[in-house]
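Asker: Generate a structure from the sequence data that follows.
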Amino acid sequence: MNKNILWGNQPINQIEKCVKEEFVTIENDLFYKIENYTEIEPFFMTLTSNTNHWMFLSSTGGVTTGRVNSESSLFPYYTDDRITENITNTGPKTIILVTKDNNTYIWEPFTQFSNEIYNTSNNLYKNTLGNRVIFEEINNTLGVKFSYSWMNSRKFGIVRESVLTNLSDTKIEISLVDGVQNVLPAGVDSQIQNEFSCLLNGYKRTELDPTGVGLFTLSATLTDLAEPSESLKTNTIWQTGLEVKSYLLESSQLNKFRKGEELSSQTDVKGDRGAYFVESQFILNSKESKNWLIVLDVEKDLTELEKLKNIINYNDNILNSVKEDVALGSKELTSILNQNDGLQVSNKSMNSVHHQANILFNIMRGGYFSDSYNIDINDFADFIKITNINVYKSTESELLKLDHKLDYNQVKVFVDKMKDSDLQRIWVDYLPLTFSRRHGDPSRPWNKFSIETEKEDGSAKLDYQGNWRDIFQNWEALCYSYPKYLKHVIGKFFNASTMDGYNPYRVSRNGIDWECPEPGNPWANIGYWSDHQIIYLLKLLELYKSHKPKD
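Answerer: Residues are numbered from 1 along each chain as shown. Got it, this is the predicted structure:
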């Protein structure tokens, strides 16, 4: 028999909730929905994009995200257990005061307090493309629904869209504080985040630009040297869609808001964890919704910051501009999947979704051939230069005579014509891949990923990296779509192996990386998996023979 347990004078909600799953369509996008996901154990997710964004997030709402790698983070790059548990002090936070029938109710969505006091329904949605996640809480007691979603924009950064809907038949008054907390300044690597977090707090500075952009910087870079050490880049956060009553740049005033007290707007906070909160007030009529965006990005220099401020100042429809760029990213990601046979239709939606996810994860780890069998001669020349400078010098004049882009067979003819055995070896080692990064979550010590998809000028960059075992698994699958490159994968395999059966730890475009033994570190050993070498090579050779039986 359940006891009548009270929270103050309020009985704790003991309504049994059933977990369900289904596919639903939202804004013409197919999502996998878990109804009442809070009734199951927390689980970890990733969010991908068409470019260099990365995100790890928990079903609790805990999150870490950024661009390129963990050295450019917006929230601390902790292990998954800490990300899951730190939701109370890191990442998104929303507090809502709902006034109806002359009473004001405090509601903090996605908290244990909310679920125990109110009759709530919590739903989680992730789109099948893998680049959008929606957290939704329906407060059946108050007749209000709040949701927020994480998305990506190449131009603007990481996007959090929030929607508040009045489900009731009467008008309600809303006062809310919404934003993110424990935001990192620019220039903080993962070692400092994990080992010197308290020391780091003393160097943090959070400022509010007159445009409403929050600037997260270091007052100076962390160093023990007696010399000037300026930090010249900033992480940025800004919002659009809410009329602002006040801005908060740290979390200490949240309790004042919970008590209905007036908040003091902040413009400059030093020596404390950074945050970006917006206080706003508005009225929602019956069935009416209010939506807004919070946009986050990393490592902005002064020029990039000025461009952002100009966009915010002079674009009267900035909210739609951001969402249009998000939609463009989804279109580009779909195109990437399409290039790699990632889209299929069957009579079982789950089978098609699994296939799409498998292809997406495969090309995220091993990369994909960015322009099918078309090869950028400048990129090929760069690879020759990195691999063997003498070969580059001897072929540079002939390379300059070639068209900017040739197809695979034309490049092969050129290489054969040069009659240079070293050039032949480099050609067989060449793989024009992009989108690749090492795999795993923040708890895996070998997950030192870096998503190198763009050069400093914004143009496309060809690059790949992966742990030896994983990258050859992924390349085997990739070569079903691009069999001409099988010979190159086999060449890379042999060049990254030793006669006595040892293989390197990591493989990248620029070469191979052997693990250095570290006494006491169980994850640092030289050479392993010699049995893998036999089966991997056999699978590659069998696939090559099926494509080229006469070779």
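Asker: Next up, the contacts around Ala357.
Answerer: By CB atoms under 8 Å, 6 or more residues apart in numbering, the contact list for Ala357 reads Thr128, Gly130. Just so you know, the C-beta spots here come from the backbone N, C-alpha and C atoms, and that holds for glycine as well.
Asker: Can you name every helix or strand that the longest helix seen in the chain contacts?
Answerer: Criterion DSSP state H: the longest helix present in the chain is helix 318-339. If you count contacts as 3 or more CB pairs under 8 Å, 6 or more residues apart in numbering; DSSP states H and E, helix 318-339 packs onto strand 144-153, strand 157-166, strand 234-240, strand 289-300, helix 302-314, helix 349-366, strand 368-369.
Asker: For these, give me JSON lines that also has mean pLDDT.
Answerer: Shown next, in JSON lines, are the helices and strands packed on helix 318-339 (pLDDT from 0 to 100):
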{"stretch": "strand 144-153", "mean pLDDT": "98"}
{"stretch": "strand 157-166", "mean pLDDT": "98"}
{"stretch": "strand 234-240", "mean pLDDT": "97"}
{"stretch": "strand 289-300", "mean pLDDT": "98"}
{"stretch": "helix 302-314", "mean pLDDT": "95"}
{"stretch": "helix 349-366", "mean pLDDT": "93"}
{"stretch": "strand 368-369", "mean pLDDT": "96"}
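Asker: mind putting the ones you listed in JSON lines, distance to Cys516 included?
Answerer: Output for the helices and strands packed on helix 318-339, formatted as JSON lines (distance: least, CB to CB, whole Å):
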{"stretch": "strand 144-153", "distance to Cys516": "35"}
{"stretch": "strand 157-166", "distance to Cys516": "35"}
{"stretch": "strand 234-240", "distance to Cys516": "33"}
{"stretch": "strand 289-300", "distance to Cys516": "29"}
{"stretch": "helix 302-314", "distance to Cys516": "37"}
{"stretch": "helix 349-366", "distance to Cys516": "23"}
{"stretch": "strand 368-369", "distance to Cys516": "31"}
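Asker: Any idea which of those gets closest to Val326?
Answerer: With CB to CB, the closest approach to Val326 among the helices and strands packed on helix 318-339 belongs to strand 144-153: 4.8 Å.
Asker: The closest one packs against which elements?
Answerer: By 3+ CB pairs under 8 Å, 6+ apart, strand 144-153 packs against strand 53-58, strand 91-100, strand 133-139, strand 157-166, helix 318-339.
Asker: For the next helix or strand after the second one, which helices and strands make contact with it?
Answerer: Next along the chain after strand 91-100, taking DSSP states H and E as the criterion, comes strand 103-107. The criterion is 3+ CB pairs under 8 Å, 6+ apart, and the helices and strands that strand 103-107 contacts are strand 91-100.
Asker: ok, and for the strand it packs on, which residues are buried?
Answerer: For strand 91-100, burial by neighbour count (16 or more other CB atoms under 10 Å) applies to Gly91, Pro92, Lys93, Thr94, Ile95, Ile96, Leu97, Val98, Lys100.
Asker: That one: partners in the sheet, and parallel or antiparallel?
Answerer: Using DSSP bridges, the strands paired with strand 91-100 are strand 103-107 (antiparallel), strand 172-183 (antiparallel).
Asker: one step back: ok, residues contacting the longest helix of the chain?
Answerer: Under the criterion CB under 8 Å, 6+ apart, residues 29, 48-51, 129-132, 151-156, 159, 161, 240-241, 292-293, 295, 311-312, 315, 342-343, 356, 359-360, 363, 368-369, 372, 435, 481 lie in contact with helix 318-339.
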